[in-house]
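> Based on what follows, work out the 3D shape:
(one chain, ligands or ions: 1)
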Amino acid sequence: MYRTHTCGELRIGNAGQRVTLAGWVQKSRKLGGMTFIDLRDRYGITQLVVEADADADLVEKATSLGREFVIQATGEVIERQSKNPRMATGDIEIRLEEINILNKAATPPFTIETDTDGGEDLRAKYRYLDLRREPLRKALELRHRMAHEVRNYLDSKGFMEIETPYLIKSTPEGARDFVVPSRMNPGQFYALPQSPQTFKQLLMVAGYDRYFQIVRCFRDEDLRADRQPEFTQIDCEMSFVEQEDVLNTFEGMMRTLFKNVLGVDIPNPLPRMSWFDAMDRYGSDKPDVRFGMDIHEITPMVQGHGFSVFDSVPYVGAIAVPGAAGYSRKETDALTDWVKRPQVGAKGLVYIKLNADGTVKSSVDKFYSPEELKAVACEAGAKEGDLVLVLCGPKRKTQTQLGVLRLEMGGRLGLRDPKVFAPLWIVDFPLLEWDDETQRFYAMHHPFTAPKPEHEALFYSNRKEDLEQVCANAYDFVLNGSELGGGSIRIHNADVQKRMFEVLGIGPEEAEYKFGFIINAFRFGAPPHGGLAFGFDRVCALFGGNESIRDYIAFPKNNQGRDVMIDSPSEIDDIQLEELQIKIDVKD
Ligand code: ASP
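Residues are numbered from 1 along each chain as shown. Okay, the predicted model is just below:
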């Protein structure tokens, strides 16, 4: 046996026992002839001590230990003179009798501490060293715990975990596919699944009733802090269900996770908001409802007063920032520059300060009387002392900009505490989204989402305006401004599915080539079904109080989609290319 205990295990009750520990040397220091060593493993840190009068060889060995050496250490558990209440093992130390160096270590390129001196790139290159640090270990422990809770819950509800293939057919709709050349079928390619969507639906046709999988998905998209080219979903599907059944089941799953992992009770039932309300009130389909500052439309109040900017647009909206009436000219100018950045994209910003003394000051007071400005401020939900910020333009675009501004102001006011959780469902999404550039409809969720039965007539209309009004029983689970999951009730009828492809501008031949298998399957008795998928990495990150998902993935990729540790992607050798019958012609 290499060890009798782990480095996180020994307590005062073990005093007097002779133990053997194994682990990494976190640090060692000499103090008045004694040598102290912090020994670390996954479970914690235990202090080892070599007394000044110990065997000379032992003292020599203890002194020679470098950081991250792997050692085995034997000695007696004793009560510490100066206890450390911040450490679980802080009441004891091990008086060493023997040290066995199992492996030396090169000096690590950064300190293996919670606050490390290593930059992001360096830590990515030595990810296995970074993973020794406590914050990352805790993140992966949380992820493991969450996966375990998810499996327990879904198993208890009769869900079966079934694996689906990773080498599938390329049918890009949403994001770009990653493709894999097939050696046995030269000139042909597999695609890696963006999600197991069609397979889980086929499992419903096959009669499996309740499916789930904690599964890797692959999307070739531009990356951000909360996106990775390969990520994990908790993917689920159920037969003979309506939206209500799906929402209840997965609200239950999230409630269990919150309770068992964080000890947090979330509201029962969870609030629901229609997509239209979310857009109108928060300018986002993933509203952060930890704070108010709702968007209010003020178009009729501000038009017709000679201010041409407002008169020439279809929509004017405002938010009231609490307690910010004291913003200086410089600060409001800076805010104007901020909303004009391409990331926000507004043309300008109008403000109204509803001062604490009841007076009002505005960038447009030439056009409005103080009473009119006060009325507008009240309409925007302002109290005395608040700052009203106004944007204008096309309705949805302006609401989205106000939504971004609202999040920024909420952040500045400290209203976005990661320890506060405000989950909700967004429901009643439009089925389709018109894209001006390509002059076609796209599925707002995906092409397998069913129109609401009451909108069926609109769905078969050929008028763009009618199709724009079709809603779906589609739903997103939203937490603190992030979409954690989404799904829908599916089409289970071959004719409706064909019509959907037609609406999306996918011709009968293309539909047959890409999706013939699923249309065909629907001819053989498809049950009504629906489901959803949660972004597992993001769920873990938010539970851990973090924005970035990278810490919750053992071996993530960087912003360029590279794994700098294994140096991938990389070129492949000529023999491989020959076998695949592929010629490379890189254009620079
Ligand atoms: N497959 C969908 C997605 O990845 C989720 C679902 O509809 O179940 O977004």
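> what separates the longest strand seen in the chain from the chain centre, distance-wise?
Counting residues, the longest strand in the chain under DSSP state E turns out to be strand 18-31. Strand 18-31 sits 38 Å away from the centroid of its parent chain (Cα atoms, centre = their mean, to the nearest Å).
> pretty sure residue 8 contacts residue 39?
No: using Cβ atoms under 8 Å, residue 8 makes no contact with residue 39, being 10.5 Å away. Heads up, the C-betas are built off the backbone N, CA and C, glycines and all.
> Neighbour count for these two, which is higher?
residue 39 (26 against 16; other Cβ atoms under 10 Å).
> mind listing what whatever helix or strand that one lives in pairs with, with the direction of each?
Using DSSP states H and E, residue 39 sits in strand 34-41. Strand 34-41 has its sheet partners listed here by DSSP bridges as strand 18-31 (antiparallel), strand 44-50 (antiparallel).
> circling back: need the CA coordinates for the longest strand of the chain. PDB is fine.
Extracted in PDB, the C-alpha atoms of strand 18-31 (Å, rounded to 0.1, in the frame of the first residue of the first chain):
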ATOM      1  CA  ARG A  18       1.700   5.900  12.600                       C
ATOM      2  CA  VAL A  19       0.600   6.800   9.100                       C
ATOM      3  CA  THR A  20       2.000   6.900   5.500                       C
ATOM      4  CA  LEU A  21       0.900   9.600   3.100                       C
ATOM      5  CA  ALA A  22       1.700  10.100  -0.500                       C
ATOM      6  CA  GLY A  23       1.500  13.300  -2.600                       C
ATOM      7  CA  TRP A  24       3.100  16.400  -4.000                       C
ATOM      8  CA  VAL A  25       5.300  18.800  -2.100                       C
ATOM      9  CA  GLN A  26       3.400  22.100  -2.200                       C
ATOM     10  CA  LYS A  27       6.200  23.800  -0.300                       C
ATOM     11  CA  SER A  28       8.900  23.200   2.300                       C
ATOM     12  CA  ARG A  29      10.500  25.700   4.700                       C
ATOM     13  CA  LYS A  30      13.000  25.600   7.400                       C
ATOM     14  CA  LEU A  31      12.300  27.200  10.800                       C
END
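> mean confidence score for that strand?
For strand 18-31, mean pLDDT rounds to 96.
> Just the residues contacting it, thanks.
Applying Cβ atoms under 8 Å, 6 or more residues apart in numbering, the contact partners of strand 18-31 are 1-7, 10, 35-41, 45-46, 48, 62-63, 65-77, 94, 97, 102, 105, 112, 132.
> So which bits of it are buried?
The neighbour-count check on strand 18-31 (16 or more other Cβ atoms under 10 Å) flags 19-28 as buried.
> Please render those as CSV that adds distance to the ligand to the earlier fields.
Listed next are these as CSV, based on distance: Cβ to the nearest ligand atom, whole Å:
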residue, distance to the ligand
19, 50
20, 49
21, 45
22, 43
23, 41
24, 40
25, 45
26, 42
27, 46
28, 50
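> nearest to residue 348, of the residues you listed?
residue 26 (55.4 Å; Cβ to Cβ).
> How many residues are close by the closest residue to the closest one other than its chain neighbours?
Leaving aside its sequence neighbours, residue 26 sits nearest to residue 38 (Cβ to Cβ, 6 or more residues apart in numbering; 3.9 Å). For residue 38, the count of nearby residues is 17 (other Cβ under 10 Å).
> residues in contact with residue 38?
25-28, 45-48.
> For it, give the beta-bridge partners.
residue 27, residue 47.
> Pull up the gap between it and residue 89, please.
From residue 38 across to residue 89, the span is 10 Å (Cβ to Cβ, to the nearest Å).
> Quick check: neighbours shared by those two?
Joint contacts of residue 38 and residue 89 (Cβ under 8 Å, 6+ apart) are 45-47.
> out of those, which is most surrounded?
residue 46 (29 neighbours).
> What score does that residue have for pLDDT?
Residue 46 carries a pLDDT score of 98 in this model.
> Next up, phi/psi of the closest residue to residue 479 other than its chain neighbours, please.
Spatially, and ignoring its direct neighbours in sequence, residue 479 is nearest to residue 423 (4.6 Å; Cβ to Cβ, 6+ apart). Main-chain torsions, residue 423, degrees, to the nearest 10: phi -80, psi 150.
> Now for residue 423: which residues touch it?
The neighbours of residue 423, taking Cβ under 8 Å, 6+ apart as the test, are 254, 266-267, 270, 477-480, 484.
> swap the cut-off to 6 Å and go again
Going by Cβ atoms under 6 Å, 6 or more residues apart in numbering, residue 423 touches 266, 270, 479.
> shouldn't the first one be in contact with residue 256?
Yep, that's residue 266 we're talking about. No: Residue 266 is beyond contact range of residue 256, at 10.1 Å (criterion: Cβ atoms under 6 Å).
> For the top helix by length along the chain, which residues meet the burial criterion?
In the chain, with assignment by DSSP state H, the single longest helix is helix 134-156. Under the neighbour-count criterion of 16+ other Cβ under 10 Å, helix 134-156 has 136, 139-140, 142-143, 146, 149-150, 153-154 buried.
> before we move on, what about stretch 370-387?
In stretch 370-387, counting by 16+ other Cβ under 10 Å, buried: 372-374, 376-377, 379-382, 386-387.
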